[in-house]
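S.K.: based on what follows, work out the 3D shape:
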Amino acid sequence: MMRNRTGWRRDLVDVILALALVALGLVGTAPAGANQGVPVGPAGYPLVVVAALALTLRRRWPLLTLAIVTGAVLSYLLLGNPYGPILVSLLVAVHTVAAHLPTRDAMVGCGVALVALLIGIFVGRGAPGWPGLMPVAAWVVVPFAVGTVVRLGRETAARTRLEEVRRLADTERLRVAREVHDVVGHGLAAIHMQAQIALHLLDRKPEQAEIALTAISRTSKEALDELRVTLRVVRRNERTGQDGREERDEVAVERSGMPGLARLPYLRDRLAGAGLPVTVETVGEPRPLPVAIDLAAYRVVQEALTNVLRHAGPATATVRVDYQPDRLVVVVSDTGRGAASDAVTGHGLGLAGMRERVAALGGTFQAGARSQTGTNNQTGATSRTDAASQAGAASGGGFRVCATLPVEGAG
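M.R.: Residues are numbered from 1 along each chain as shown. Reported below is the predicted structural model:
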């Protein structure tokens, strides 16, 4: 429907342009002839009308329009009529061909038109000959050059828009991939650990194995629910427009569905059931955070604890959330055997996802052995934030993740 309306508007513009050139030709041809001392023949005005009305077809059939206009102008000149408003129709036709057709097709069409018009200035009755060469050529060359520049600019703008769309699509795919990785990876890691516990206890303590199986059921359901919410928000983002009410509805959906730091107690309990004791500490006065900041902080904690569950062996973990006036600092440290080499160098998928997520919000991210990162303040955390990891660093083990997220304007 939108495309049809656009087509009708363009057709209407072309009709108005054609009628305007008809009026200009009927009114201006005789004065132009008087200035040049050349009378207008009886066939002059019909040819002026034909050349102008042909422009109603210029967007649909540019070459056909140019052929009709060129034929009318050539006939007009061969009959010895004066230079006049009919040449404006030629200018528009040439510009249209150059602006809407590929360069090669436009050059061929306009070249043929130029050759035909040159015949008119040398063969026609009262033809000016060589003195008329430059003026006639200019009426073809100049609009051709302008039309070509317009077309190239339009093609460049189209390529830029396409590249921007692709970039946004790639960014969205990476965002969805991070969300799915965090949700599925954490859920499967917890389920795997709980399943191992159940298998270990199944023969000797079946009642405790039943507890582990119940935890598996609960963890899988929570992970599926969270994944369903994530995909629902993604689909809604694809459908929603730019209307302010829809944007407010979208924020409400994200607030109600996407996880945040308020879910840390549930995350702690889930991991405790999988065999990882987690202590959650809060510094400062908790306050509402922007959805993106709240989600990013939760995902950092979730992924860091998932890595502890996978790689640290028997360990405990501490999560420290520091609400500072202009930033939120999240520190996750553990007492395990440390991380694999890919995690230490930052090439692990989980660490890369955390770093990208934090960097996208203008924050800083640091990860490494606690003995190396416990006293490093590059993340902007205060000494009270580093205290948790410093306390455990003396034991000589463990890993530490620290994310600093700016929260200016949060309230």
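S.K.: from here on, just use CA atoms for contacts and neighbour counts.
M.R.: Noted.
S.K.: Gly353 sits in which helix or strand?
M.R.: Under the criterion of DSSP states H and E, Gly353 resides in helix 349-360.
S.K.: immediately after that helix, which helix or strand?
M.R.: The helix or strand immediately downstream of helix 349-360 is strand 364-369, counting by DSSP H and E.
S.K.: between the helix holding Gly353 and strand 364-369, how big is the angle?
M.R.: Going by axes from the mean of the first three to the mean of the last three Cα atoms, to 10 degrees, helix 349-360 is angled at 150 degrees with respect to strand 364-369.
S.K.: next, count neighbours for Ala360.
M.R.: Residues lying near Ala360 (other Cα atoms under 10 Å) number 12.
S.K.: what about it, distance to Ala272?
M.R.: Distance, Ala360 to Ala272, by Cα to Cα, to the nearest Å: 31 Å.
S.K.: elements contacting the helix or strand containing Leu53?
M.R.: Counting by DSSP H and E, the element that carries Leu53 is helix 44-53. Where contact means 3 or more Cα pairs under 8 Å, 6 or more residues apart in numbering; DSSP states H and E, helix 44-53 is packed against helix 2-36, helix 62-78, helix 86-100.
S.K.: right, so those helices: which one is the most enclosed?
M.R.: Stretch with highest mean neighbour count among the helices and strands packed on helix 44-53: helix 86-100 (a mean of 26; mean count of other Cα atoms under 10 Å).
S.K.: average pLDDT for that one?
M.R.: Mean per-residue pLDDT for helix 86-100: 91.
S.K.: mind listing what's buried along the helix holding Leu53?
M.R.: Within helix 44-53, the residues scored as buried using 16 or more other Cα atoms under 10 Å are 44-45, 47-53.
S.K.: stretch 146-166 too?
M.R.: By neighbour count on 16+ other Cα under 10 Å, the buried set for stretch 146-166 is 147-148, 150-152.
S.K.: give me the residues contacting the helix holding Leu53.
M.R.: Identification of contacts with helix 44-53 by Cα atoms under 8 Å, 6 or more residues apart in numbering yields 15, 18-19, 21-22, 25-26, 29, 68-70, 72-73, 75-76, 79, 81, 85-86, 89-90.
S.K.: please repeat the previous calculation with a cut-off of 7 Å.
M.R.: With contacts defined as Cα atoms under 7 Å, 6 or more residues apart in numbering, helix 44-53 is touched by 18, 21-22, 25-26, 68-69, 72, 76, 81, 86, 89.
S.K.: residue ranges of the strands in the stretch 251-400 of the chain, please?
M.R.: Along the stretch 251-400 of the chain, counting by DSSP state E, counting those that start in this stretch, strands occupy 278-283, 317-323, 327-334, 364-369, 399-406.
S.K.: quick one: the second one to strand 399-406, angle?
M.R.: When you say that, I think you mean strand 317-323. Strand 317-323 runs at 20 degrees relative to strand 399-406, counting by the same axes, to 10 degrees.
S.K.: what pairs with strand 317-323, parallel or antiparallel?
M.R.: Strand pairing for strand 317-323, determined by DSSP bridges: strand 278-283 (parallel), strand 327-334 (antiparallel).
S.K.: among these, show me which one is buried the most.
M.R.: Of all these, strand 327-334 carries the top mean neighbour count, a mean of 26, counting by mean count of other Cα under 10 Å.
S.K.: what about that strand, average pLDDT?
M.R.: 92.
S.K.: also stretch 206-221?
M.R.: Here stretch 206-221 scores 69 as its mean pLDDT.
S.K.: do the same with stretch 353-361
M.R.: Regarding stretch 353-361, the rounded mean pLDDT is 85.
S.K.: just the buried residues of that stretch, please?
M.R.: Buried, per 16+ other Cα under 10 Å, within stretch 353-361: 353-358.
S.K.: of the residues you listed, which is the nearest to Glu408?
M.R.: Nearest to Glu408 among the buried residues of stretch 353-361 is Val358, at 15.0 Å by Cα to Cα.
S.K.: wouldn't that closest one be in contact with Ala352 here?
M.R.: No: shown here, Val358 and Ala352 do not form a contact pair, counting by Cα atoms under 7 Å, at 10.0 Å.
S.K.: doesn't Leu117 make contact with Leu77?
M.R.: No: assessed by Cα under 7 Å, Leu77 is found out of contact with Leu117, at 8.2 Å.
S.K.: and the closest residue in space to Gly350 that isn't next to it in sequence, how many neighbours?
M.R.: Closest residue to Gly350 apart from its sequence neighbours, by Cα to Cα, 6 or more residues apart in numbering: Glu303 at 6.5 Å. The number of residues packed around Glu303, counting by other Cα under 10 Å, is 21.
S.K.: so Glu303 versus Leu361, what's the distance?
M.R.: To Leu361, Glu303 is 17 Å away according to Cα to Cα.
S.K.: now the nearest residue to Gln36 once chain neighbours are set aside, what are its backbone angles?
M.R.: Counting by Cα to Cα, 6+ apart, Gln36 lies nearest to Pro82, which is 6.9 Å off, once chain neighbours are set aside. The phi/psi pair for Pro82 (degrees, to the nearest 10) reads phi -80, psi 160.
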